[in-house]
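In: I would like to see how this sequence folds:
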Amino acid sequence: MVKKITFLSLLAAVSLMADSELDALKAQLKLQQQTTQKLLQKVTELEKKQQQAEALQAKKAKEQEEASLDAAFAKDTSSSFSQTSYLPDIALILNMSAVGRNVKNSDYENFAIPGFIDAGDAELPFNKDRGFNLNYAEVAMHSMVDPYFEAFAIFHLHPDAFEIGEAYVITTSLPAGLRVKAGKFKSAFGRINEKHQHSWNFDEQPIIYKALFGPDSISDPGLQVQWVAPTDTYIMAGVDAMQGSNDRSFGDTEENNLYVGYLKSSLDLTDNLSVLGGVSWAHGKTTEKKSSDVYGVDFTFRNQLGSYSALTWQSEYLQRNKDTNNTNVATQKQGGLYSELVYQYNNNYSAGVRYEKITKNETDLSAYSAIDTSNLDKYTAMVQYKPFPFSRLRLEYSHDRTKVIAGQRKDIDSVMLTLNIAAGAHGAHAY
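Out: Predicted coordinates for the structure are as follows:
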């Protein structure tokens, strides 16, 4: 009996000890949970304080940066060129040629194009002489002026002349797709009017451009406004108000007399084929105070054959209606076209052909009554090698049937090799 009581007492004691240990563990666990919660709360508070400190530091840094920029602008706002970050890009372009021609230099200088250019009136700044020619050295400068304007200047140095080719500013921050250009510049009339000679596909200017505008094309002091539509398809409309000093088609400079309007668009027909087209109109006054209008239409198809290979077909037609004091022909109606096909094999080699023709010549041709003035056209072929994007060698042959020399129609055959070099920061040309 005593043994049984003793066993039950031991069992009760063990059970009480187990319950006491479990309660102690539960109490310890509860204490640890409370400590952990306090620690987590403290970590959260520290993280918030750190984020606030970082935000405050970033705000102060931004304010200091803005203050530094404001101070830089305030230091010298009168001249962008005095600021290191606004130094202009400068480029030098050299163009030279070796020419073979079946006409003497003295005769070639006095050619005429019936109805367009009288003998001795032609300007010949490029490839003038048989033998060697330094056509020009061109110095081009460009700089950001401030957040609102860019400035451009292009100077032409010929062997016997210096001229300001272009000098203008354009806006950079106007809303609604607007842009304004002011200064002396080439009009955006047609396809190639605003391009410089070294960016043409052929070294010689198309006959219709030479006949209507001369080598400088439409280039004058003036104001230009262009608008690009907010559409997926590129649509650009523009108006140029210019002085009108080009006396081939205009020339009344008693006041600004020339106004040019144009509409241009481009479209991707396929992944590789794109088309660019435009219509243009120029209206001005001649030296006789008569109206003169020139209309133009152009298109360019470009088929990208590979990464560096392409086929480009470019054509343009111009027509001029010019009032005169001539009672026999009160309004001259003259026009012509060129069409050229250029195949770019790769980055180094390309070749092309061009055909040109005077298609309309309704004017007083009595001075050429003894001469056949029909079929005024020209054929040209070229091959080109570019060892690097900034240097170019071009070999060109032309057969020209538009000239009258010493009172006689003269077919002129020319072969020329030209070298063009671009050194310095020179921007890419528009396609």
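
In: and Glu45, helix, strand or coil?
Out: Classification of Glu45 using DSSP: H, G, I helix; E, B strand; the rest coil returns helix.

In: Kindly report the same for Gln52.
Out: Applying three-state DSSP: Gln52 is helix.

In: Val415 sits in which helix or strand?
Out: strand 408-424 (DSSP states H and E).

In: if I look at the residue nearest to Ser339 when sequence neighbours are not counted, how far off is Leu263?
Out: Closest residue in space to Ser339, ignoring its immediate chain neighbours: Ser315 at 4.1 Å, by C-beta to C-beta, 6 or more residues apart in numbering. Bear in mind the C-beta positions are built from the backbone N, C-alpha and C, glycine included. For Ser315, the distance to Leu263 equals 17 Å [C-beta to C-beta, to the nearest Å].

In: so who does the residue nearest to Ser339 touch?
Out: The contact partners of Ser315, by C-beta atoms under 8 Å, 6 or more residues apart in numbering, come to Asp298, Phe299, Thr300, Leu337, Tyr338, Ser339, Glu340.

In: from those residues, which would you call buried?
Out: Asp298, Thr300, Leu337, Tyr338, Ser339, Glu340 (16 or more other C-beta atoms under 10 Å).

In: quick one: strands adjacent to whichever strand or helix holds the second one?
Out: In this assignment (DSSP H and E), Thr300 forms part of strand 291-304. With DSSP bridges as the test, strand 291-304 is paired with strand 273-285 (antiparallel), strand 310-323 (antiparallel).

In: Dump these to JSON lines, plus distance to Asn127 and mean pLDDT.
Out: Putting the strands paired with strand 291-304 into JSON lines (distance: least, C-beta to C-beta, whole Å; pLDDT from 0 to 100) gives the following:
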{"stretch": "strand 273-285", "distance to Asn127": "27", "mean pLDDT": "97"}
{"stretch": "strand 310-323", "distance to Asn127": "21", "mean pLDDT": "98"}
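
In: As JSON lines, those with distance to Gln344 would be great.
Out: JSON lines is the format used below for those (distance: least, C-beta to C-beta, whole Å):
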{"stretch": "strand 273-285", "distance to Gln344": "14"}
{"stretch": "strand 310-323", "distance to Gln344": "5"}
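
In: strand partners of the helix or strand that Met141 is a member of, parallel vs antiparallel please.
Out: Taking DSSP H and E as the definition, Met141 sits inside strand 131-146. In the sheet, strand 131-146 lines up against strand 89-101 (antiparallel), strand 149-158 (antiparallel) (DSSP bridges).

In: for these, which one sits closest to Gln304?
Out: strand 89-101 (27.1 Å; C-beta to C-beta).

In: What are the contacting residues of the following helix or strand past the closest one?
Out: Sequence-wise, the next helix or strand downstream of strand 89-101 (DSSP H and E) is helix 105-108. For helix 105-108, contacts defined as C-beta under 8 Å, 6+ apart pick out Arg101, Leu124, Lys128, Asp129, Arg130, Ile405, Ala406, Ile412.

In: Then stretch 32-47?
Out: For stretch 32-47, using C-beta under 8 Å, 6+ apart, there are no contacting residues.

In: Now it - C-alpha only, PDB.
Out: The C-alpha coordinates for stretch 32-47 follow below in PDB (Å, rounded to 0.1, in the frame of the first residue of the first chain):
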ATOM      1  CA  GLN A  32      10.600  37.500 -27.400                       C
ATOM      2  CA  GLN A  33       7.700  38.300 -29.600                       C
ATOM      3  CA  GLN A  34       7.100  41.600 -27.900                       C
ATOM      4  CA  THR A  35      10.800  42.400 -28.200                       C
ATOM      5  CA  THR A  36      10.700  41.500 -31.900                       C
ATOM      6  CA  GLN A  37       7.700  43.800 -32.600                       C
ATOM      7  CA  LYS A  38       9.400  46.700 -30.800                       C
ATOM      8  CA  LEU A  39      12.600  46.100 -32.900                       C
ATOM      9  CA  LEU A  40      10.600  45.900 -36.200                       C
ATOM     10  CA  GLN A  41       8.800  49.100 -35.300                       C
ATOM     11  CA  LYS A  42      12.100  50.800 -34.600                       C
ATOM     12  CA  VAL A  43      13.500  49.600 -37.900                       C
ATOM     13  CA  THR A  44      10.400  51.000 -39.800                       C
ATOM     14  CA  GLU A  45      10.900  54.400 -38.100                       C
ATOM     15  CA  LEU A  46      14.600  54.500 -38.900                       C
ATOM     16  CA  GLU A  47      13.800  53.600 -42.600                       C
END
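
In: Switch the strands paired with strand 131-146 over to a markdown table; also include mean pLDDT and mean neighbour count.
Out: Converted to a markdown table, these look like this (pLDDT from 0 to 100; neighbours: other C-beta atoms under 10 Å):
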| stretch | mean pLDDT | mean neighbour count |
| --- | --- | --- |
| strand 89-101 | 96 | 17 |
| strand 149-158 | 92 | 18 |
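
In: Using a markdown table, lay out those strands together with distance to Ala119.
Out: Formatted as a markdown table, these follow (distance: least, C-beta to C-beta, whole Å):
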| stretch | distance to Ala119 |
| --- | --- |
| strand 89-101 | 17 |
| strand 149-158 | 23 |
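
In: nearest to Ile207, of those?
Out: That would be strand 89-101 among the strands paired with strand 131-146, by C-beta to C-beta, at 16.2 Å.

In: If I take the closest one and strand 408-424, what angle do their directions form?
Out: 150 degrees (axes from the mean of the first three to the mean of the last three C-alpha atoms, to 10 degrees).

In: Report how far apart the opening and closing residues of stretch 320-338 are.
Out: Using C-alpha to C-alpha, to the nearest Å, the end-to-end distance of stretch 320-338 comes to 15 Å.

In: tell me how far that stretch is from the chain's mean position?
Out: Chain-centre distance of stretch 320-338: 33 Å, with C-alpha atoms, centre = their mean, to the nearest Å.

In: Can you give the contact residues for that stretch?
Out: 115-116, 206-208, 211-212, 249, 286, 288, 290-295, 315-319, 354-364, 366, 376.

In: tell me the contacts of the residue lying closest to Ala182 once chain neighbours are set aside?
Out: Counting by C-beta to C-beta, 6+ apart, Ala182 lies nearest to Leu223, which is 5.2 Å off, once chain neighbours are set aside. Going by C-beta under 8 Å, 6+ apart, Leu223 touches Val180, Lys181, Ala182, Asp240, Ala241.

In: The fourth one touches Gln224, doesn't it?
Out: Yes. Counting by C-beta atoms under 8 Å, Gln224 is a contact partner of Asp240 at 4.7 Å.
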